[in-house]
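**Student:** pasted the sequence and its predicted model underneath.
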Amino acid sequence: MPTARWNGAVIAQSEDTVVVEGNHYFPADSIVADYFEASATHSICPWKGEASYKSLVVDGKRNADAAWFYPDPKPKAAEIKDRFAFWKGVTVE
């Protein structure tokens, strides 16, 4: 089962990931919400739309903007709506 880990903690786990451009996008209900905090960061992808970010906080360590998601993706990326992907040292196995 695809599992995302950071700082020794499982932050998301699901059999229902969608892989886009090599990134696993996890359903929102598969993340451990206690590890996520809001971020004001946004970025634009020409074909997916505007991404929003969340930071991770695990055992007192913070990983700013390590998770991103598309709350309102463009039609070609509809399958990743409200799914989370990771970077900045988060491993997905």
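**Tutor:** Structure received. Numbers count the residues shown, from 1 in each chain.

**Student:** please enumerate the strands of this protein.
**Tutor:** Taking DSSP state E as the test, the strands found in the chain are 3-6, 9-13, 18-20, 23-27, 36-45, 49-58, 61-69, 83-86, 91-92.

**Student:** avg pLDDT for the shortest one?
**Tutor:** Within the predicted structure, the mean pLDDT of strand 91-92 is 98.

**Student:** which helices and strands does it pack with?
**Tutor:** With contacts taken as 3 or more C-beta pairs under 8 Å, 6 or more residues apart in numbering; DSSP states H and E, strand 91-92 sits against strand 3-6. For glycine as for every other residue, the C-beta is placed from the backbone atoms N, C-alpha and C.

**Student:** mind listing what's buried in the strand it packs on?
**Tutor:** 3-6 (16 or more other C-beta atoms under 10 Å).

**Student:** try stretch 66-75
**Tutor:** 66-70, 73.

**Student:** hang on, the earlier thing: can you add distance to A77 and give the strands of the chain back as a markdown table?
**Tutor:** Formatted as a markdown table, those follow (distance: least, C-beta to C-beta, whole Å):
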| stretch | distance to A77 |
| --- | --- |
| strand 3-6 | 20 |
| strand 9-13 | 19 |
| strand 18-20 | 7 |
| strand 23-27 | 10 |
| strand 36-45 | 8 |
| strand 49-58 | 6 |
| strand 61-69 | 11 |
| strand 83-86 | 10 |
| strand 91-92 | 19 |
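
**Student:** need the winner for burial among those.
**Tutor:** Ranked by mean neighbour count, the strands of the chain are led by strand 83-86 with a mean of 25 (mean count of other C-beta atoms under 10 Å).

**Student:** what about it, average pLDDT?
**Tutor:** Mean predicted confidence for strand 83-86 is 98.

**Student:** out of the buried residues of strand 3-6, which comes closest to K88?
**Tutor:** Nearest to K88 out of the buried residues of strand 3-6 is W6 (C-beta to C-beta; 8.3 Å).

**Student:** measure the closest one to G49 for me?
**Tutor:** 25 Å (C-beta to C-beta, to the nearest Å).

**Student:** ok, V18 next?
**Tutor:** 15 Å.
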